[in-house]
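In: Here is a sequence with its predicted model. Questions after.
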Amino acid sequence: MGDDAEFVDPNRNCVYIYEWNLTANQLKLVTVQPVRSRIGDLAQVSSPRNFLVINIVSDRATNSWHHVAVSKPNSKISVFLLAGFLGLAGIAHFLVPESFNALIPKWLPGDASLYTYISGIAEVAIAIFLLKPDTQSRAAWAAVVLFIAVYPGNLYMAYDWRDRDFAQQLIAYGRLPFQIPLIWWAVRIAKNS
C-alpha cells in the first residue's frame, strides 16, 4: 500500500474502512469513523465472504497514517469444521474415556477420568460457542488455550508409548506435530472473527 494519499486525511483522527471486492477486483470506501478512544483502535465492520476489510487510522497529531490492518472474514466452512472437530472429540471423551485417560500423566492429582471429562466438556462448550458469531473470537482463543493445555498429555503419551509396537508409536508421535496446525487454525479464526 505504501504512502497512497487517497487512504489518508491527515487533518483529523479517523479510521477509513475500505472493502476490496475479490470477485470484481475493486476497492470501495465503506465508511470513515472518528477515533473516539486512542489512536490505533481499529473500527470493525462486518463484511461479505468475498471481501477484505482494510482499516487505516489517520493521526492528526503526527500528520501521518499508521495501523493498517487487512482482514478476511472467516469462511463458515472453516469455523464449522473446527467446531465439528472439537464437538466430536468432546463427545468421544464421554463415549470412550479410557482412550483419553491414557493421555493423563499419572503424576497429576485425582482420577484421570476427571481430567478427561473436564476437557470433554470444554471441547463441546468451545464448539458450541464457535458457532455463535458474537462469541466466535473468544471461543477460538479458548480453543488455542485448550490445544496448548492438552499438549503435555500428547508428550506424555509419546513418552509412555515409547516401548509399544511401531504402529502405536506412530500414533503417539504423530499427535505431536498435529497440535501445531490446530493452534494455528484456531488463532486464524480468532483474529478474523
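Out: On my side now, so go ahead.

In: so where is this structure shaky, pLDDT-wise?
Out: 1-73 (pLDDT under 70).

In: And the helices in it, which stretches?
Out: Assigned by DSSP state H, the helices in the chain fall at 76-95, 97-101, 112-130, 136-149, 151-160, 166-192.

In: can you list the ones you listed in a markdown table and add mean neighbour count?
Out: Yep, even glycine has a C-beta here, placed from its N, CA and C like the rest. Shown next, in a markdown table, are those (neighbours: other C-beta atoms under 10 Å):
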| stretch | mean neighbour count |
| --- | --- |
| helix 76-95 | 16 |
| helix 97-101 | 15 |
| helix 112-130 | 19 |
| helix 136-149 | 19 |
| helix 151-160 | 16 |
| helix 166-192 | 14 |
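
In: Which residue ranges make up each domain of this structure?
Out: Domain assignment for the chain by automatic domain parsing gives 5-71, 76-192.

In: Quick one: residues contacting Tyr115.
Out: 104, 108 (C-beta atoms under 8 Å, 6 or more residues apart in numbering).

In: distance of it from Gln136?
Out: Using C-beta to C-beta, to the nearest Å, we find Tyr115 at a distance of 27 Å from Gln136.

In: And for Val79?
Out: Val79 is 7 Å from Gln136, where distance means C-beta to C-beta.

In: With Ala83 instead?
Out: Ala83 is 9 Å from Gln136, where distance means C-beta to C-beta.

In: Can you work out which residues contact both of those two?
Out: Common neighbours of Ala83 and Gln136, counting by C-beta under 8 Å, 6+ apart, are Leu130.
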